[in-house]
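Peer 1: build me a structure from this.
(chains A and B)
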2 protein chains.
Amino acid sequence: MKQKPIEILKERLHEVSHLGATLALLQWDQEVNMPDKGADARASAISYLSAIVHNKFIEIDKDGLLTKLKKDFDNSEKKSSRKKGEKLSPSDKVIIAETWRSYEREKKLPEVFVKELAEVSSKSQSVWAEARAKDDFKIWQPWLERIVKLKRQEAKYLSYKTTPYDALLESYEPGMTTEELTHVFNDLKDFLVPFLKKIKSSQIKINSKKILGQFPIEKQVAFNEMIANKIGFDNEAGRLDKSVHPFTTNFHPTDVRITTRYRGNNVYYSIGSTIHEAGHAIYEQNLPSEHFGTPLTEAVSMGIHESQSRLWENQIGKSLSFWKYFYPRLQKEFPEPFQKLKLEEFYKIINKVEPSLIRTEADEATYNLHIILRFEIERELVEGSFEVKDLPKIWNAKVKEYFGLTVPSDKFGILQDVHWSGGDFGYFPTYALGNLYAAQFYNQLRTDIPKLDGQITKGNFGEVNKWLKSHIHQHGKTYTASQLVKKVTGEELNSRYFCEYLQRKFS
Amino acid sequence: MKQKPIEILKERLHEVSHLGATLALLQWDQEVNMPDKGADARASAISYLSAIVHNKFIEIDKDGLLTKLKKDFDNSEKKSSRKKGEKLSPSDKVIIAETWRSYEREKKLPEVFVKELAEVSSKSQSVWAEARAKDDFKIWQPWLERIVKLKRQEAKYLSYKTTPYDALLESYEPGMTTEELTHVFNDLKDFLVPFLKKIKSSQIKINSKKILGQFPIEKQVAFNEMIANKIGFDNEAGRLDKSVHPFTTNFHPTDVRITTRYRGNNVYYSIGSTIHEAGHAIYEQNLPSEHFGTPLTEAVSMGIHESQSRLWENQIGKSLSFWKYFYPRLQKEFPEPFQKLKLEEFYKIINKVEPSLIRTEADEATYNLHIILRFEIERELVEGSFEVKDLPKIWNAKVKEYFGLTVPSDKFGILQDVHWSGGDFGYFPTYALGNLYAAQFYNQLRTDIPKLDGQITKGNFGEVNKWLKSHIHQHGKTYTASQLVKKVTGEELNSRYFCEYLQRKFS
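Peer 2: This next block holds a predicted model:
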């Protein structure tokens, strides 16, 4: 029997996705396992495989298969039309439309460009790590210059209407524009700046040092694995490892890897980041694996992805209910210093609001300002308003302006984040979007599950996960981010729920 | 400037090798890290990438590049000929001849066959592991039947003169034939059977239990890393991990990974296997990385590879000199039970000769009989003299005949080794060849470095490594196994030095 075109497309996508997963393994291994001297060989392997994944994806239309299906799709969208063509199910339509969208972008990039970007990004990672360790921006500068040049070129290849930044943003948050972002972020700034002033002027003093102590890493790992599993991470379909920068990667819903970083004197440092990454991983593990390879088994956007990690890390993982359940376990595992520290005090410490220099350690209230700062800088950098050599100066000036802080050296400033060294320009804004989506989703979740707090206090996360799966995870890319938010919460994306959440929590 | 054909060939080979390394990473990760539920997705990824590596390799001759170079090579070999053609350096000649040999074999295998074999072998690994854990051959049987069928098919594709086993053997030990193997193994049997009888009848009783104790795994890992580094394994260009079955894999000379398995009550169990794998790894790390991708950066054969691991594990790692250096360190790290056990007694225990059921735990004297048994069985199985269902019976009968032992259940018999489940038929004989090569090389090494024992006693392995590198490692595939043995030792491969070594050690 002749195979239907849509089935042939699915097979081709299946192969591309498994090869994409292999590329992800090369990158995961680079961060988690690779010995130092292996860096150059790894960059070459990544470069070659990137080109193959790129070419295999372009080749899905080698015989016009995708073009033909896109025509069928277009005809089926015109309700009046009765043109011949394959009958398409709703899920087939998603597959065709989303694959077409990616295909249109990808085919604009020449193979030689894909290879170069992959190799330079891979090598740049270790150069950045060295520069950060030595606190010397100059080491990294030439590599970042190469990357910025490549990303400007990428934006040109992809084409754009208003700003090259739009073209890059589209990779991480399809459908979002720089204009809309600017609008949302301005709203947010209008709230955040006076709100932070008020908090700063309050008289409450919190001594964060009370949660410090001596925490053997292996015991921390075990505690983190316990929490991750408890909240819904399936450890038979994933792993938890160590890396310099926490991240989540997925090869398939049955193999999702998270990493955490550790500090010997602060167990919460790793717990917070593990809960965050577990939130990402739970999303990936709950994508429908029967459609693997197609957009039905892909996350909506990085912003929606981040909403899952932030919802777990903050709305749930920093709530009093959550720690009512886990704190006795933390006390038992680490009597020193927690035995004599009251739950309420621990809760206040992990929720302390304070302007700080490092994004990944920022509290919920100041976090978005870190993102807005990066968004403004990377947008102008991509647009060519200034050059890489000026970055430290510009960075430090903005930190002074937004946080009132002086950056003592680049390690605490421009060198802190890994993203740009990997070519991820346009990625940062999805972190702030994630915070907004998370607050909006969580507001709905609390309405739909009135007994939520009681369940969390008992360590029962079944209903939360059921809700997240049925409302968000199981749909893959069926809806765009804005469609999904509307469908789940009845409203467009807005910062109201996030601001309300902060006000409720920190007043 | 136009690129020379040989340079284009090298570039193509470079890409194939990096993709091959990626495939090796998928397999390494499968054994070391992969969560259980990820097995099916991994098998698909391995299958797709295997096909790509296969196709990319075949494509090196897409425009007749390799064929043209092969003609230049053939002409340059005819000394009288003065035909036109590219001038080829000696190393170019090796690259062309060896690439041609592999190419001729590889192009005989259809892509669909390569994909199926890769997928079935990958899935079969976990089925075998389950069957072994449950001690139930029946679980594995249908999978092994599929693999045997595929391997018989592979031999047909590859073609052969005398026996299909020759075609498979060629993958692991190029140039070796079943006939020659039979001859060498018969010589060996003639010596081993009476020799073992003599040992058995001796009155020396050794109580192996004296080296048992309680050894925390993390401490074992640290001790093994120390030994591996000390003998020459570069841990900035490699890693040591845990897996069910110890193995070595290499992505590049700058990234070579070894694994070991551990038992809480027997630290020597992991030390022996780590030294063995480190021997493989030192070979890989010392291949000339400037020629990566070409046969000049590939090991001669699996037999020569095994000579390196066995030389380190046995000739050096089980010598009294070696333990004169390491035993005080072992005693310091694990006072219980070693503080009160004399070095000489420890030495006797780790060298105890005793017929046993498990190959990987066999002593140097009986080890080759395990291999001969497997060789005889797999040869007949591939030839179709019997079928998979009869394997346990045939296995158990041979164990009775060669070792005088009764196999209590298949876990201690047919289910013990991983090789056949991965499709590795024709691999086992290289273990015995490795023992013979090792003894022959070691004899030469001792002649060339008269002060060897003194150096080893001082923990000085620099000269050994220098000798191994200059005589063996640095040449890659410049010489065939038989050429190399002749070049290094002045003699053809023979079992004399191995038999002499056993006699010297165990008399």
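Peer 1: does the longest helix along chain A reach chain B?
Peer 2: Secondary structure of chain A read by DSSP state H shows that its longest helix is helix A:5-32. Yes - contact between helix A:5-32 and chain B, assessed by Cβ under 8 Å from any Cβ of the partner chain, occurs at A:14-15, A:18-19, A:21-22, A:25-26, A:29. The C-beta positions use only the backbone N, C-alpha and C, and glycine is treated the same way.
Peer 1: closest to chain B out of those?
Peer 2: A:His18 (4.2 Å; Cβ to the nearest Cβ).
Peer 1: what about the closest one, distance to B:Gly20?
Peer 2: Using Cβ to Cβ, to the nearest Å, one gets 17 Å for the distance from A:His18 to B:Gly20.
Peer 1: the two - which one has more neighbours?
Peer 2: Higher neighbour count among A:His18 and B:Gly20: A:His18, with 25 against 19, using other Cβ atoms under 10 Å in any protein chain shown.
Peer 1: got a list of what that one touches?
Peer 2: A:252, A:293, B:41, B:44-45, B:48-49 (Cβ atoms under 8 Å, 6 or more residues apart in numbering or on different chains).
Peer 1: out of the residues you listed, which are buried?
Peer 2: The neighbour-count test (16 or more other Cβ atoms under 10 Å in any protein chain shown) marks A:252, A:293, B:41, B:44-45, B:48-49 as buried among the contacts of A:His18.
Peer 1: just for chain A, where's the confidence low?
Peer 2: Along chain A, the parts satisfying pLDDT under 70 run over A:1, A:79-86.
Peer 1: helix or strand for A:Arg239, which one?
Peer 2: Under the criterion of DSSP states H and E, A:Arg239 resides in strand A:238-242.
Peer 1: how about stretch A:236-252: buried residues?
Peer 2: Buried, per 16+ other Cβ under 10 Å, within stretch A:236-252: A:237-240, A:243, A:246-252.
Peer 1: of those residues, list those near chain B.
Peer 2: A:237-239, A:251-252.
Peer 1: which of those sit farthest apart?
Peer 2: With Cβ to Cβ as the measure, no two of those lie farther apart than A:Arg239 and A:His252, at 13.0 Å.
Peer 1: for the stretch 151-300 of chain A, which residues are neighbours of chain B?
Peer 2: Residues of the stretch 151-300 of chain A lying near chain B (Cβ under 8 Å from any Cβ): A:234-239, A:251-252, A:254-255, A:292.
Peer 1: what are the boundaries of the strands in the stretch 401-507 of chain A?
Peer 2: Under the criterion DSSP state E, counting those that start in this stretch, the stretch 401-507 of chain A contains no strands.
Peer 1: and the residue of it nearest chain B?
Peer 2: Per Cβ to the nearest Cβ, A:Gly476 is where the stretch 401-507 of chain A lies closest to chain B, at 16.4 Å.
Peer 1: that residue and A:Phe292 touch, don't they?
Peer 2: No - between A:Gly476 and A:Phe292 there is no contact under Cβ atoms under 8 Å: 10.0 Å.
Peer 1: ignoring the adjacent residues along the chain, who's closest to the residue in the stretch 101-250 of chain A that chain B sits nearest to?
Peer 2: Here the residue of the stretch 101-250 of chain A nearest chain B is A:Ala237; by Cβ to the nearest Cβ that distance is 4.2 Å. Residue nearest to A:Ala237 in three dimensions, not counting chain neighbours: B:Lys37, with 4.2 Å by Cβ to Cβ, 6 or more residues apart in numbering or on different chains.
Peer 1: same check, this time on A:Glu130
Peer 2: Per Cβ to Cβ, 6+ apart, closest to A:Glu130 is A:Ile139, 6.0 Å.
Peer 1: dihedrals phi and psi, that neighbour?
Peer 2: For A:Ile139, the backbone dihedrals (degrees, to the nearest 10) come out as phi -60, psi -40.
Peer 1: same check on A:Val418?
Peer 2: A:Val418 adopts backbone torsions of phi -80, psi -20, taken as degrees, to the nearest 10.
Peer 1: that one touches A:His245, doesn't it?
Peer 2: Yes - assessed by Cβ under 8 Å, A:Val418 is found in contact with A:His245 at 5.1 Å.
Peer 1: just the helices in the stretch 51-200 of chain A please.
Peer 2: Here the stretch 51-200 of chain A has its helices, by DSSP state H, counting those that start in this stretch, at A:65-77, A:90-106, A:111-134, A:137-158, A:164-172, A:178-201.
Peer 1: residue contacts, the nearest residue to A:Gly426 once chain neighbours are set aside?
Peer 2: Nearest residue to A:Gly426 in three dimensions, chain neighbours excluded: A:Leu168, at 3.6 Å (Cβ to Cβ, 6+ apart). Shown in contact with A:Leu168 (Cβ under 8 Å, 6+ apart): A:151, A:154-155, A:158, A:382, A:425-426.
Peer 1: so A:Gln203: helix, strand or coil?
Peer 2: Classification of A:Gln203 using DSSP: H, G, I helix; E, B strand; the rest coil returns coil.
Peer 1: I misspoke; the intended subject was A:Ala222.
Peer 2: helix.
Peer 1: neighbours around it, how many?
Peer 2: A:Ala222: 11 surrounding residues under other Cβ under 10 Å.
Peer 1: surely A:Thr259 forms part of a strand?
Peer 2: Yes - counting by three-state DSSP, A:Thr259 is found in a strand.
Peer 1: beta partners of it?
Peer 2: Bridge pairing for A:Thr259 (DSSP bridges) gives the partners A:Asp241.
Peer 1: so it sits right up against A:Ala228, yeah?
Peer 2: No - contact between A:Thr259 and A:Ala228 fails when scored by Cβ under 8 Å: they sit 11.7 Å apart.
Peer 1: looking at the two, which one has more neighbours?
Peer 2: Using other Cβ under 10 Å, the more surrounded residue of A:Thr259 and A:Ala228 is A:Ala228, with 25 against 21.
Peer 1: which helix or strand contains the more buried one?
Peer 2: helix A:217-231.
Peer 1: list the contacts of that helix.
Peer 2: Applying Cβ under 8 Å, 6+ apart, the set of residues contacting helix A:217-231 is A:235, A:240, A:242, A:258, A:260, A:262, A:264, A:267, A:270-271, A:274-275, A:278, A:281-282, A:312, A:316, A:326, A:329-330, A:333-334, A:459, A:461.
Peer 1: can you say which of those are buried?
Peer 2: A:240, A:258, A:260, A:262, A:267, A:270-271, A:274-275, A:278, A:281-282, A:312, A:316, A:326, A:329-330, A:334, A:461.
Peer 1: in strands, which of the residues you listed fall?
Peer 2: Within the buried ones among the contacts of helix A:217-231, residues falling in strands by DSSP state E are A:240, A:258, A:260.
Peer 1: from these, which single one is nearest B:Glu354?
Peer 2: Relative to B:Glu354, the closest of these is A:Leu240; by Cβ to Cβ it sits at 42.6 Å.
Peer 1: ok, the closest one - contacts?
Peer 2: A:Leu240 makes contact with A:221, A:224-225, A:228, A:233, A:257-260, A:274, according to Cβ under 8 Å, 6+ apart.
Peer 1: can you give me the end-to-end span of stretch A:295-302?
Peer 2: 14 Å (Cα to Cα, to the nearest Å).
Peer 1: cool, and stretch A:203-219?
Peer 2: 36 Å.
Peer 1: quick check, the residue in the stretch 51-200 of chain A closest to chain B?
Peer 2: As assessed by Cβ to the nearest Cβ, chain B sits closest to A:Ile52 within the stretch 51-200 of chain A, at 6.3 Å.
Peer 1: sweet, I'm off.
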